[in-house]
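*Asks:* Below is the structure, and that's it, no one-letter string:
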Ligand SMILES: NC(=O)C1=CN([C@@H]2O[C@H](COP(=O)(O)OP(=O)(O)OC[C@H]3O[C@@H](n4cnc5c(N)ncnc54)[C@H](OP(=O)(O)O)[C@@H]3O)[C@@H](O)[C@H]2O)C=CC1
Ligand SMILES: O=C(O)C1=N[C@H](C(=O)O)C[C@H](O)C1
């Protein structure tokens, strides 16, 4: 391992589902070190050893609520937290000139603009899904949407997640919807139907519909359905272990290390056609 490789990594939201998964993945990764682990001010995890929190035993890294101190000598921060904290961390990552990997979903357009502004000085990779499979699926959805013309084929995106998820539709569903819109040459925001309730009227031709299911411990299921009068094509992905997302995030951090400041996504990291 040399100074030209990713080493010192900060985990934001260290006590969360993804935070714990990331701590374990970084601890096991060749050449990478858990430089710091941070949580929200007032969290019950503050002061605890990050290794104890994620179940690998003590590693001598206490969880703190001081992101600036954590970022200053770090190479990267990996952040699966909440929109407000992610916007704050992007500004601090820019100040510290480090890599910022963002898995947080549910960010508003305004949040994304602020994150993009921070990417003038930070190398930021942001994606609603860090897995190879979902990003490949996105490329396939774009191709299918381009090939199956809107006049005959309706597009619906269905997702199911665990009962603790707080945002809807999922970041992945929106990523897949965006790829479908790209394939059709339309704007997703102007054509998305995210809620149906009551007397909705007939389906708007050319729209892209979203349906959200929540229940149990489902890690992440997604389907993109192309439906015509006479046939149906379904492209789908199922995540069966959260370590999938952590491995994608580590890959993104390594990739971003020698890049120029900028706003990147997983298609850039994976070298898939964008
Ligand atoms: N892109 C991808 O591939 C994936 C994205 N995700 C996304 O990642 C995010 C987190 O998911 P998940 O781990 O399941 O959620 P959790 O709620 O389990 O974890 C989020 C953690 O972040 C903490 N947090 C909130 N605010 C701050 C702050 N200001 N500073 C430090 N820590 C903070 C939370 O603390 P507290 O609970 O005290 O608020 C919590 O411990 C979600 O947006 C989810 O959709 C998840 C999986 C894959
Ligand atoms: O909150 C989750 O758990 C997940 N969130 C991401 C999303 O919103 O798509 C990715 C994954 O599906 C798990």
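*Replies:* Arrived safely, thanks for sending. A quick note: this is a predicted structure, and the numbers were derived from the prediction, not measured. Residues are numbered from 1 along each chain as shown. Ligands and ions are numbered 1, 2, ... in the order given.
*Asks:* Now do residue 248 against residue 272, distance only.
*Replies:* Residue 248 sits 12 Å away from residue 272 when distances are taken as CB to CB, to the nearest Å. Where C-beta positions appear, they are placed from N, C-alpha and C, glycine not excepted.
*Asks:* Look at these two and report which has more neighbours.
*Replies:* Higher neighbour count among residue 248 and residue 272: residue 248, with 25 against 14, using other CB atoms under 10 Å.
*Asks:* how about that one, secondary structure?
*Replies:* helix (DSSP: H, G, I helix; E, B strand; the rest coil).
*Asks:* check contacts around it.
*Replies:* 127, 129, 130, 131, 132, 266, 269 (CB atoms under 8 Å, 6 or more residues apart in numbering).
*Asks:* make it 7 Å
*Replies:* Applying CB atoms under 7 Å, 6 or more residues apart in numbering to residue 248 gives the contacts 130, 131, 132, 266.
*Asks:* Please apply the same query to residue 235.
*Replies:* Contacts here follow CB under 7 Å, 6+ apart; on that basis residue 235 touches 137, 140, 141, 144, 224.
*Asks:* Please repeat the previous calculation with a cut-off of 10 Å.
*Replies:* Residue 235 sits next to 137-138, 140-141, 143-144, 176, 180, 222-226 when contact means CB atoms under 10 Å, 6 or more residues apart in numbering.
*Asks:* same deal with residue 98?
*Replies:* Residue 98 sits next to 8-10, 71-77, 92, 121-124, 253, 256-257 when contact means CB under 10 Å, 6+ apart.
*Asks:* In strands, which of those appear?
*Replies:* 8, 9, 10, 76, 77, 123, 124 (DSSP state E).
*Asks:* Let me know the pLDDT of the second one.
*Replies:* Confidence per residue is given as pLDDT, and for residue 9 that number is 98.
*Asks:* From here on, call the first residue 18.
*Replies:* With the count now opening at 18, the last piece we talked about shows up as residue 26.
*Asks:* Now the closest residue to ligand 1 within the chain. Nearest residue, chain neighbours left out?
*Replies:* Residue of the chain nearest ligand 1, by CB to the nearest ligand atom: residue 33 (2.0 Å). Spatial nearest neighbour of residue 33, excluding adjacent residues (CB to CB, 6 or more residues apart in numbering): residue 97 at 6.6 Å.
*Asks:* Quick one: name the residues of the protein near ligand 1.
*Replies:* Contact residues (CB under 6 Å from any ligand atom) of the chain with ligand 1: 29-30, 32-36, 55-57, 60, 97-99, 102, 120-123, 144-147, 184, 188, 262.
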